[in-house]
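Trainee: Give the three-dimensional model of this entry:
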Amino acid sequence: MTVENFHVLCLNTRRRLISADLVALGTLDSVLVHPREVFALAMARRASAVILVHNHPSGDPSPSEAAIRLTRDLIQVGRLIKIELLDHVIIGQATTDWPRNYASLHE
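Mentor: Numbering: from 1, shown residues only. Next comes the predicted model:
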């Protein structure tokens, strides 16, 4: 993919997938995501938990400071409305610095 794509996976109380939805398309190196879009979708799907997934077109899956901040903010919002953020996964390609083709912010 040539631009960043941000997806939300909505899960039920048994952590089974309800839906996988594209929330935002970005540019070559960024995507603008607001908690309102993430959790409006989760509430509409009646999800009890979410997993966030986005790609890095550069191929480097290491998390940016912006991704870390966004994840922290979304964890706080999720706590307020009782929708757990289980993970934020960044998809890329394995590099010498990052041996896997993804990064899990939960890890």
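
Trainee: only C-alpha atoms for contact and neighbour calcs from this point on.
Mentor: Will do.

Trainee: For the chain, just list every one of the strands.
Mentor: Along the chain, the segments classed as strands by DSSP state E run 5-11, 17-25, 49-55, 84-91, 102-104.

Trainee: Without its sequence neighbours, what residue ends up closest to H56?
Mentor: Spatial nearest neighbour of H56, excluding adjacent residues (Cα to Cα, 6 or more residues apart in numbering): G92 at 5.5 Å.

Trainee: my read: that neighbour touches N101, true?
Mentor: Yes. Under the criterion of Cα atoms under 8 Å, G92 makes contact with N101 at 5.1 Å.

Trainee: quick check: longest helix of this structure.
Mentor: Under DSSP state H, the helix in the chain containing the largest number of residues is helix 65-81.

Trainee: returning to that earlier point: which one of the strands of the chain lies nearest to L70?
Mentor: strand 84-91 (9.7 Å; Cα to Cα).

Trainee: Can you tell me which helices and strands the closest one packs against?
Mentor: Here strand 84-91 touches strand 49-55, helix 65-81, strand 102-104, going by 3 or more Cα pairs under 8 Å, 6 or more residues apart in numbering; DSSP states H and E.

Trainee: Take the strands of the chain and write them to a markdown table, including mean pLDDT.
Mentor: A markdown table is the format used below for the strands of the chain (pLDDT from 0 to 100):
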| stretch | mean pLDDT |
| --- | --- |
| strand 5-11 | 97 |
| strand 17-25 | 96 |
| strand 49-55 | 97 |
| strand 84-91 | 98 |
| strand 102-104 | 95 |
